[in-house]
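S.K.: Any chance you can model this:
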Amino acid sequence: MSLNQLVRYGAIAGLLLASSACQSSPESAPPNDTSAVPAETAPAPEPDEAPTDEATEPAPEPTAAETPNAAPSPAPAETAAAEMSCSATAFVADTDPAGLNVRSGPGSDFAIQDTLPTNEAVEVSIVGATNGWFLVNEAWSADQAELEKPGWIYAPLLGVTTTSLDINDPEAPASLYEAPDGFSAVKATVPKFSEVTLVDCAGDWLQVQTSDKTGWLAIGDQCSDPTSTCP
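M.R.: Residues are numbered from 1 along each chain as shown. Presented below is the predicted three-dimensional model:
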């Protein structure tokens with residue numbers, strides 16, 4: 001066998017031995033890198049719900065229907081009618097020698113803040129009314145102003161004299177209407193120049209009372225001058 005053949009066989013044998021060694025050696029497993037795949041962690045328990053800073057909305061107040069024995073609130077129209085705006089004049093009809101009391105509110109339990117004379121003719125300007133009381137803002141006699149500031153007077157202690165503007169019949173009686181409206185029905189008539197006491201007012205209308213009649217008197221049938229019967 002020649003030298004070249006020996007060299008060739010030796011090379012072949014080396015290759016066979018290397019191939020066998022590679023097949024018999026298992027492939028190295030990659031290192032167990034725990035950082036490559038994060039370990040599954042259990043979810044953290046949810047914290048208890050913390051109270052918010054927002055204030056808790058209060059429960060609505062119970063209505064009159066929900067609350068037993070609750071008195072219903074007055075309707076807006078009733079509340080507005082409790083104090084009527086007026087624009088009328090009248091004279092003091094009170095005969096008490098101590099004078100006519102002017103109070104700080106519409107009722108006898110309010111303090112007396114002024115007194116109007118009853119021994120002379122006094123007229124007053126009426127600007128409001130509620131529950132049988134008139135709010136007056138001026139009062140005057142023949143000589144001077146008699147009222148320092150607005151106050152309340154009991155309605156029946158004021159009066160007017162009836163008159164008539166009927167040019168066709170100067171002696172025509174005054175009409176008393178069912179409502180403060182010239183288109184409402186006429187309830188009764190009152191002879192001209194009759195003194196009547198006051199009950200209520202609405203605008204320039206006066207609700208008046210005689211011994212047996214009550215009704216609304218138009219401004220044209222009112223005379224507030226205590227020293228004259230007017231036209």
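S.K.: Could you list the low-confidence segments of this protein?
M.R.: The chain contains residues with pLDDT under 70 at 1-82.
S.K.: Strands of that one, residue ranges please.
M.R.: In the chain, the strands defined using DSSP state E lie at 84-92, 100-103, 112-116, 123-130, 133-140, 151-154, 158-162, 174-177, 186-190, 195-202, 205-209, 214-217, 222-223.
S.K.: so what secondary structure elements neighbour the first one?
M.R.: Read that as strand 84-92. strand 123-130, strand 133-140, strand 158-162, strand 195-202, strand 205-209 (3 or more CB pairs under 8 Å, 6 or more residues apart in numbering; DSSP states H and E). Backbone N, C-alpha and C define where each C-beta goes, glycine included.
S.K.: Spatially nearest residue to G105 (excluding sequence neighbours)?
M.R.: Nearest residue to G105, sequence neighbours excluded (CB to CB, 6 or more residues apart in numbering): W152, at 5.9 Å.
S.K.: from what I can see that neighbour touches N101, true?
M.R.: No - at 9.1 Å, W152 does not count as touching N101 under the criterion of CB atoms under 8 Å.
S.K.: Which one's more surrounded, those two?
M.R.: Applying other CB atoms under 10 Å to W152 and N101 shows that W152 carries more neighbours, namely 23 against 20.
S.K.: returning to what we had before: wait, which of the strands of the chain is closest to N168?
M.R.: Of all the strands of the chain, strand 174-177 sits nearest to N168, with 14.5 Å by CB to CB.
S.K.: ok, residues contacting the closest one?
M.R.: Contacting residues not belonging to strand 174-177 are listed as 162-164, 184-192, 194, 208, 213-218, 221 [CB atoms under 8 Å, 6 or more residues apart in numbering].
S.K.: do the same with stretch 104-117
M.R.: Contacting residues not belonging to stretch 104-117 are listed as 92, 98-103, 122, 124, 130-133, 135, 139, 141, 146-149, 151-154 [CB under 8 Å, 6+ apart].
S.K.: Please indicate which of the residues you listed are buried?
M.R.: Taking 16 or more other CB atoms under 10 Å as the criterion, what is buried in these is 92, 99-103, 122, 124, 130, 133, 135, 139, 146-147, 151-154.
S.K.: distance of T115 from L157?
M.R.: Note on T115: its distance to L157, by CB to CB, to the nearest Å, is 12 Å.
S.K.: shared neighbours, those two?
M.R.: By CB under 8 Å, 6+ apart, the residues touching both T115 and L157 are L100.
S.K.: between these two, which one's more packed in?
M.R.: L157 (19 against 14).
S.K.: which residues sit in contact with the closest residue to that one other than its chain neighbours?
M.R.: Once flanking residues are discounted, L157 sits nearest to D94: 4.1 Å by CB to CB, 6+ apart. D94 sits next to 100, 118, 157-158 when contact means CB under 8 Å, 6+ apart.
S.K.: go again using 10 Å as the cut-off
M.R.: Contacts for D94 (CB atoms under 10 Å, 6 or more residues apart in numbering) come out as 100-101, 116-118, 122, 153-154, 156-159.
S.K.: how close does it get to P156?
M.R.: From D94 to P156 the distance is 9 Å (CB to CB).
S.K.: Then S108?
M.R.: 13 Å.
S.K.: Measure how buried Q222 is and give me the count.
M.R.: The tally of other residues near Q222 (other CB under 10 Å) stands at 22.
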